[in-house]
Every structure is written in structure tokens, then in C-alpha cells.
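Undergrad: fold the stuff below for me.
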Amino acid sequence: RARHEGEDGRVSLWAEDAWAQVPQGVGSGEGPSQGGCPVHRVTVRNRFTGETVDIQAPEDRYILFEAEDQGYELPFACRMGCCTACAVRVLEGEVAQPQALGISIALKQQGYALSCVSFPLSDVVLETVDEDEVYDQQFGEAFAAQALDPSAETIERDDFALELADMDE
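TA: This is a model prediction of the structure:
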């Protein structure tokens, strides 16, 4: 929080953070494409339904939103990158997900992404994953340690992350 707090005590997130550099409105991921940008083939293997979704998605549209606009249903909940309901594993290709607050940098490096805030940067093949898989990898070890050892260090609640999520509604 201190990193973003100004002299007046107010929090400004619209500074240097990569996730804050995403444009708003047209080409923002949610809205219509601004056009003139590369379009990539996105294949999503939905493990829950057995369906494979193939779409063409421009680099300035979120994968989830583009799939929905083309008539497909994929898992989601918050649509803001704060939960893990839309988590996917990137099997091939590359996505940009600067606003994916719901998963750690380590999980991103392991190939996980949130389709609700992921832009395709190349042709990609994605596979839906169980939300619990991502959640357990992020928090399971810490929760297990506390459950087995009452003297273990407690997990500190991140009120700043909650503030971020609330500001986007």
C-alpha cells in the first residue's frame, strides 16, 4: 500500500504498474477491438464439458470476452482477474495478463492464466483447470502448515487487495 500512497494519503494505482497500462474503452479487452492489431487463433479445451472452442481473437480483446461474443461459454466468476474461476493452463503460445491479480507471478511462470483478463500474443492452446487446483497451489501449503502446527505463523489478511477489487466495481 505504501508504494501507491500519495502525500495526501490517497492511493493511486494509475502510475507505473504494468496492469495499469491497459487502455480503457475501445481495445481495452472488454470493449470492441480497436482494429488494426494482429488476430490469433485461440483454442480452449474445456475439461469440464469436453468441448473444444476455436476462435479468432485480436490482441486487444480478452479471450473470455471474445469467446462469449462468438457464442461460447467458458467458466468465469468475477470477470476482473481477481478470482480463479476462469483459470486456464497455457499449453502452447503466449498471453499477456497484466491485470491478473488472482494468481501469483509464480503460477503465471508455471503457465497459468486467467482468461477473463488475458490477451493473446500468438496462436494459443489453453486448457481449463479446476479452480481448486490453482487455489491449492497458491495457498494450500500455507493453510496446511497452519492446520498441522498451531504455533505456525499466521496468514496476514491483505486488505489492500480487497480494496483493489472493490475499486473496480
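
Undergrad: going forward, measure contacts and count neighbours with C-alpha atoms only.
TA: OK.

Undergrad: all helices in the chain, in order from the N-terminus.
TA: Applying DSSP state H to the chain gives helices spanning 63-69, 105-109, 131-135, 141-148, 159-167.

Undergrad: which one of the ones you listed is the most hemmed in?
TA: Comparing the helices of the chain by mean neighbour count (mean count of other CA atoms under 10 Å), helix 63-69 comes out on top with a mean of 21.

Undergrad: got a list of contacts for it?
TA: With contact meaning CA atoms under 8 Å, 6 or more residues apart in numbering, helix 63-69 is reached by 29-30, 42, 53, 55, 57, 73-74, 115-120.

Undergrad: try 10 Å
TA: 29-33, 42-44, 53-58, 60-61, 70-76, 79, 86, 95, 114-120 (CA atoms under 10 Å, 6 or more residues apart in numbering).

Undergrad: with stretch 121-130 instead?
TA: For stretch 121-130, using CA under 10 Å, 6+ apart, the contacting residues are 38-49, 52-54, 56-60, 74-75, 84-96, 111-115.

Undergrad: kindly check the end-to-end length of that stretch for me.
TA: Distance across stretch 121-130, first residue to last, is 24 Å (CA to CA, to the nearest Å).

Undergrad: tell me the mean pLDDT over it?
TA: Per-residue pLDDT over stretch 121-130 has a mean of 96.

Undergrad: same thing with stretch 59-74?
TA: 94.

Undergrad: picking that back up, out of the contacts of stretch 121-130, which end up buried?
TA: Those of these that meet the buried threshold are 39-46, 53, 56-60, 74-75, 84-90, 94-96, 111-115, by 16 or more other CA atoms under 10 Å.

Undergrad: now do the end-to-end distance for stretch 54-66.
TA: 11 Å.

Undergrad: do the same with stretch 128-148
TA: End residues of stretch 128-148 are separated by 31 Å (CA to CA).

Undergrad: then stretch 129-137?
TA: 12 Å.

Undergrad: chain center to that stretch: distance?
TA: Relative to its chain's centre, stretch 129-137 lies at 13 Å (CA atoms, centre = their mean, to the nearest Å).

Undergrad: which residue sits farthest out from the middle of the protein?
TA: S151 (33.6 Å; CA atoms, centre = their mean).

Undergrad: contact partners for that one?
TA: Taking CA under 10 Å, 6+ apart as the test, what S151 contacts is A145.

Undergrad: so what's the predicted local confidence for it?
TA: 77.
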